[in-house]
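Asks: Below: sequence and its predicted model.
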Amino acid sequence: MSWYDTNLVLIQATITGLLLALSIQIPLRMGVFSFAGVGAYGFGCYAGAVLVLDHQMAALPTILVTTLAGGLIVLVLGLFINRLNGLTLAMATVAFDLIIGVVAVNGGETTGGATGRYGVISDFTMGHMWTILVVVMVLVALSERGKLGRRIDAVRDDPELASSVGIRVYNYRLAAFFVSGLLGAAAGAMNILVRSAITPLDIGFHLIVLALTMIIVGGSLSWKGAVIGAVVFTWLPDVLQVIGEWQELVYGVIVAVAAVLMPRGIYGLYVEAKRAVLRRRRTRRGAVRAAVAAERARTTDDDEALAEMEDDLGSPSVTPGGSMGANL
Amino acid sequence: MTTSANERVAHAPDSGTPVFEARDVKVYFGGVKAVDGVSLKLMPGLIYGIIGPNGSGKSTLIGAMTRLTKLTSGELLFDGEPYHNASASSIARKRVARTFQTVRLLPDLDVRDNIRLGADGRQDERPNLLSRILGIGGSPATDDAIDKAQLHGFESFYPSELSYGTQRRVEIARAISTNPRLLLLDEPTAGMNQTERAEISQLMKSLKNDGLCQLLVEHDVQMMIDTCDHVFAMNFGKLIAEGRPEDVVRDPQVQEAYLGRKWREHA
């Protein structure tokens, strides 16, 4: 058997874990501290099982219907709790997740009660799974670029500033809930289609911890952080099996150390390193000295600063020492 | 000459429809009357200033004008149309831009992207779908704002790498990049030296020549005199005087409120 086939279950778990992590990360990127994606994941698992087992629906329509329904449910939740913020909002969404768990236990034949649903066999293939993943990742990556990326940053970092440049913050927050529901439900539906069984214990509080750990350690501001987190925390327990009963301790230490030493996650380290390289390049090119000289030239009548700036820039397009007014 | 409270609005520069008008605007925070019945008109192509001691309600008034601060009562009109029930973002889309009392730049965006955030909302700067999605392509409005604020060389810098004065200029550039009709500047020269202040003053005058109406909140009296066409003085949430800057700063009420009773006696 190839490495791919041997590790297929872990690969599937990584993909569903990644989508689950994104369902928490996307709202966080918009400043919405919501775990509703985990509830949507639970809904997706059960809805997928019901559609396949009770309605003999094919895999792709099942995923489509479940995903849209999950998005709408979390959107409606968002309409009610959108005004909340921070921990209060987080708690409201945790309550939503717990309610999904309670419904799963008490849902009678539909959810299978405490034993859940099993035998969910469909025409779902890894080709479907990879295609869905690629589409989702491309869309998420695009949301971090250009105008949309800037606006999401503004909504997260300074909603008041965002409003002052014409951004409808309320709509972005609602969109955060909707997308969170879509991703969570898609992850849940794919999970049931590859695992074929679901019980209430599978959609418990531990999923919130897992998804949050993935994006805190991986990095909360980019899809790349979610990928890193999903890979690390899906494969780490497998790797740590060699140390037996100590694995949970080591797992905990890794999370604690990452949280303390890498507040922006592993991907954050890369971003910081990239900026440091950029700064060094600027210094090497003399851009910093030129900019500082330009500052000095603007704010003083120092002839030396003017000369230095001319030397550093060497560009005829820059008016050495030109005051702001001179260029207007 | 300065005017009494009843005559204030009538004596403001008045030709045609004001860009902005406030009618008996009140903003109360519990028992604190931050803005208490302010009425004023702002005409196109003029630079207005508001002076007043700390806590006199200047920034709260700007907050109310941009709908970021909730009005207790009163009316706000833009181009003669009431907007006091509109959202802050819709006011911005009417091309009312502002800077804040403390610098507010996004830490994870470089200078160019911070400025472009303002240009993103412009109707006349809609890139094609592909460039919008991929985030590539130029932005003439951003380039123009960088030119005006003289930020060449700083485009790839992040806010944490800039001096306070330069951060201020980035904020002003962001506001300019929205192509505003009304520009509200809340202490834009705080932390700047005299030369930088003179440059901001010069920048405001050049924008005035483009027909832009500007309202400047500032403590630097000399800058107000040099820059503004018309100045309002506030104390305890009320307008206490208005008129030409040199007249307002000589007003005994203003001197007592803004500069202190002792200073006035010496003067």
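Replies: Sure thing, it's come through.
Asks: Which residue ranges of the stretch 51-200 of chain A form helices?
Replies: A:59-81, A:86-105, A:108-111, A:126-142, A:146-157, A:159-164, A:169-195 (DSSP state H, counting those that start in this stretch).
Asks: Also the stretch 101-250 of chain B?
Replies: So, for the stretch 101-250 of chain B - with DSSP H, counting those that start in this stretch - the helices run B:111-119, B:129-134, B:140-148, B:164-176, B:194-209, B:221-227, B:245-250.
Asks: rank those by mean pLDDT and give me the bottom one.
Replies: Mean pLDDT across the helices of the stretch 101-250 of chain B is lowest at helix B:129-134; the value there is a mean of 66.
Asks: Low-confidence regions, the stretch 51-200 of chain B specifically.
Replies: With pLDDT under 70 as the threshold, the stretch 51-200 of chain B has low-confidence stretches at B:126-136.
Asks: make it 90
Replies: Within the stretch 51-200 of chain B, the set of residues satisfying pLDDT under 90 comprises B:53-55, B:84-85, B:93-94, B:121-140, B:150, B:163-165, B:189-200.
Asks: Just send the helices of the stretch 51-200 of chain A back as TSV, with distance to residue B:90, mean pLDDT and mean neighbour count too.
Replies: To be clear about C-beta, it is placed using only N, CA and C from the backbone, and glycine gets the same treatment. Rendered in TSV, the data for the helices of the stretch 51-200 of chain A read as follows (distance: least, CB to CB, whole Å; pLDDT from 0 to 100; neighbours: other CB atoms under 10 Å in any protein chain shown):
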stretch	distance to residue B:90	mean pLDDT	mean neighbour count
helix A:59-81	20	97	20
helix A:86-105	25	96	17
helix A:108-111	45	94	13
helix A:126-142	27	97	15
helix A:146-157	16	94	21
helix A:159-164	9	95	22
helix A:169-195	11	97	26
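Asks: among the ones you listed, which is nearest residue B:48?
Replies: helix A:159-164 (19.0 Å; CB to CB).
Asks: Residues touching that closest one, excluding its own?
Replies: Judged by CB atoms under 8 Å, 6 or more residues apart in numbering or on different chains, the contacts made with helix A:159-164 from elsewhere in the structure are A:31, A:151, A:154-155, A:169, A:172, B:66, B:68, B:87-89, B:92, B:97-98, B:100, B:104, B:106.
Asks: Domain map for chain A?
Replies: Partitioning chain A according to automatic domain parsing yields domains covering residues A:3-249, A:286-327.
Asks: Residue A:187: what's its closest spatial neighbour, skipping adjacent residues?
Replies: Excluding the flanking residues, the one nearest residue A:187 by CB to CB, 6 or more residues apart in numbering or on different chains is residue A:19, at 3.6 Å.
Asks: whoops, I mixed them up, residue A:215
Replies: Beyond its immediate neighbours in the sequence, the residue positioned closest to residue A:215 (CB to CB, 6+ apart) is residue A:25, lying 4.6 Å away.
Asks: Any idea how many residues pack against the one you found?
Replies: Using other CB atoms under 10 Å in any protein chain shown as the criterion, residue A:25 is surrounded by 29 other residues.
Asks: Residue B:56 looks like it's in a strand, true?
Replies: No: Residue B:56: not assigned to a strand; according to DSSP: H, G, I helix; E, B strand; the rest coil it is coil.
Asks: sorry, back to before: residue B:59 is nearest to which of the domains of chain A?
Replies: domain A:3-249 (12.6 Å).
Asks: Switch the domains of chain A over to a markdown table; also include distance to residue B:186.
Replies: Below are the domains of chain A laid out as a markdown table (distance: least, CB to CB, whole Å):
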| stretch | distance to residue B:186 |
| --- | --- |
| domain A:3-249 | 11 |
| domain A:286-327 | 19 |
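Asks: which stretch among these comes nearest residue A:279?
Replies: By CB to CB (comparing all of the domains of chain A), the closest turns out to be domain A:286-327, at 7.6 Å.
Asks: rewinding a little: wait, which of the helices of the stretch 51-200 of chain A is closest to residue B:234?
Replies: With distances scored as CB to CB, the stretch of the helices of the stretch 51-200 of chain A nearest to residue B:234 is helix A:159-164 (21.6 Å).
Asks: Off-centre distance for that closest one?
Replies: 23 Å (CA atoms, centre = their mean, to the nearest Å).
Asks: How about chain A: which residue is closest to chain B?
Replies: Scanning chain A for proximity to chain B using CB to the nearest CB identifies residue A:146 as nearest, at 2.6 Å.
Asks: hang on, residue B:27 in a helix?
Replies: No: counting by three-state DSSP, residue B:27 is located in no helix; its state is strand.
Asks: follow-up on the earlier one: check whether the residue nearest to residue A:215 really touches residue A:213, as I assumed.
Replies: No: Residue A:25 lies out of contact with residue A:213 (CB atoms under 8 Å); the separation is 11.9 Å.
Asks: check contacts around the residue most central in space within chain B.
Replies: If you average the C-alpha coordinates of chain B and look for the closest C-alpha using CA atoms, centre = their mean, you land on residue B:184, 1.7 Å from that point. Counting by CB under 8 Å, 6+ apart, residue B:184 touches B:62, B:65-66, B:96-99, B:214-215, B:217.
Asks: Of those residues, which ones also sit close to chain A?
Replies: Contacts with chain A within the contacts of residue B:184, as defined by CB under 8 Å from any CB of the partner chain: B:66, B:97-98.
Asks: Pipe these into a markdown table and attach neighbour count and secondary structure per row.
Replies: What follows is those, written out as a markdown table (neighbours: other CB atoms under 10 Å in any protein chain shown; DSSP: H, G, I helix; E, B strand; the rest coil):
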| residue | neighbour count | secondary structure |
| --- | --- | --- |
| B:66 | 22 | coil |
| B:97 | 27 | strand |
| B:98 | 26 | strand |
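Asks: What residues does the stretch 51-200 of chain A have near chain B?
Replies: When proximity is defined as CB under 8 Å from any CB, the stretch 51-200 of chain A approaches chain B at A:142, A:145-151, A:153-154, A:157-158, A:160-170.
Asks: Give me the contact list for the stretch of helix or strand residue B:76 belongs to.
Replies: With secondary structure defined by DSSP states H and E, residue B:76 is part of strand B:73-78. The contact list for strand B:73-78 (CB under 8 Å, 6+ apart) reads B:18-26, B:37-38, B:64-65, B:67, B:82-84, B:91, B:94, B:96, B:182.
Asks: please redo it, this time with the cut-off set to 7 Å
Replies: Judged by CB atoms under 7 Å, 6 or more residues apart in numbering or on different chains, the contacts made with strand B:73-78 from elsewhere in the structure are B:19-26, B:65, B:82-84, B:94, B:96.
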